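[1] please work out how this folds:
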Amino acid sequence: MLQLDDLRNKSVLITGASSGIGAAAAALGGLDILINNAGSLIRRIPILEADDTALDAVFNLNARAVIGTCQAAVPHMDARGGGAGAGVYGSAKAFVHNLTRHLARELAVRHIRVNTVSPGVFDTPFHVATPPERMEAMRQSVVLGRIGTPEDCVGAFPFLASQQLSGYVTGQNIHVNGGQVMP
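    Numbering: from 1, shown residues only. Just a heads-up that it's a prediction; the model follows:
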């Protein structure tokens, strides 16, 4: 948890838009912390009724503005952290998980169940360009001690498709990852 003492002697920018980042960094002598806090519902609209105008308004403010702010702010900050390059992919997957929950709520009155499956690290063409040392590091993070195979993921789909086996399951994200992620 961020404490007030953590902010002393730090250049902090709380924003949700990229305009003015350079001026703010110059005025503050650089940036140490960026808090992305943009957001608005814009208007309430069911997902299946959302047109391009509504989607653009919500995503421009709540997603694109945050990405733009990060892109503008990072050059003014020290390089930190790891896992570079997977942030956009991870963010898109987080969107899918959240969309699943909201669609499940909206479509339940129509007796439509909505779930998603999140495979972990699998030996598939997705990882053909992943360096061997990275694959080994990921394998070591799996509590079952191995990289998954496509056959490991197969059972989740008939389970979710079966009214008898999962008729009372909706809005869920089924993690098939050998225990690598346990939310």
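[2] next, give phi and psi for S118.
    Main-chain torsions, S118, degrees, to the nearest 10: phi -120, psi 100.
[3] quick check, it in contact with H175.
    Yes. Using C-beta atoms under 8 Å, S118 is in contact with H175, at 5.1 Å. (Each C-beta comes from the backbone N, C-alpha and C, glycine too.)
[4] tell me the contacts of F122?
    By C-beta atoms under 8 Å, 6 or more residues apart in numbering, the residues touching F122 are I147, G148, T149, P150, D152, C153.
[5] gap between F122 and M182?
    17 Å (C-beta to C-beta, to the nearest Å).
[6] again but with G148, I slipped
    Relative to M182, G148 is positioned 15 Å away (criterion: C-beta to C-beta).
[7] mind putting the contacts of F122 in JSON lines, neighbour count and pLDDT included?
    Listed next are the contacts of F122 as JSON lines, based on neighbours: other C-beta atoms under 10 Å; pLDDT from 0 to 100:
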{"residue": "I147", "neighbour count": "19", "pLDDT": "96"}
{"residue": "G148", "neighbour count": "20", "pLDDT": "96"}
{"residue": "T149", "neighbour count": "11", "pLDDT": "95"}
{"residue": "P150", "neighbour count": "10", "pLDDT": "91"}
{"residue": "D152", "neighbour count": "18", "pLDDT": "95"}
{"residue": "C153", "neighbour count": "18", "pLDDT": "90"}
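[8] those in helices, which ones?
    P150, D152, C153 (DSSP state H).
[9] need these in CSV (columns: distance to I42).
    Shown next, in CSV, are the ones in helices among the contacts of F122 (distance: C-beta to C-beta, whole Å):
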residue, distance to I42
P150, 40
D152, 41
C153, 37
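[10] fine by me, thanks again.
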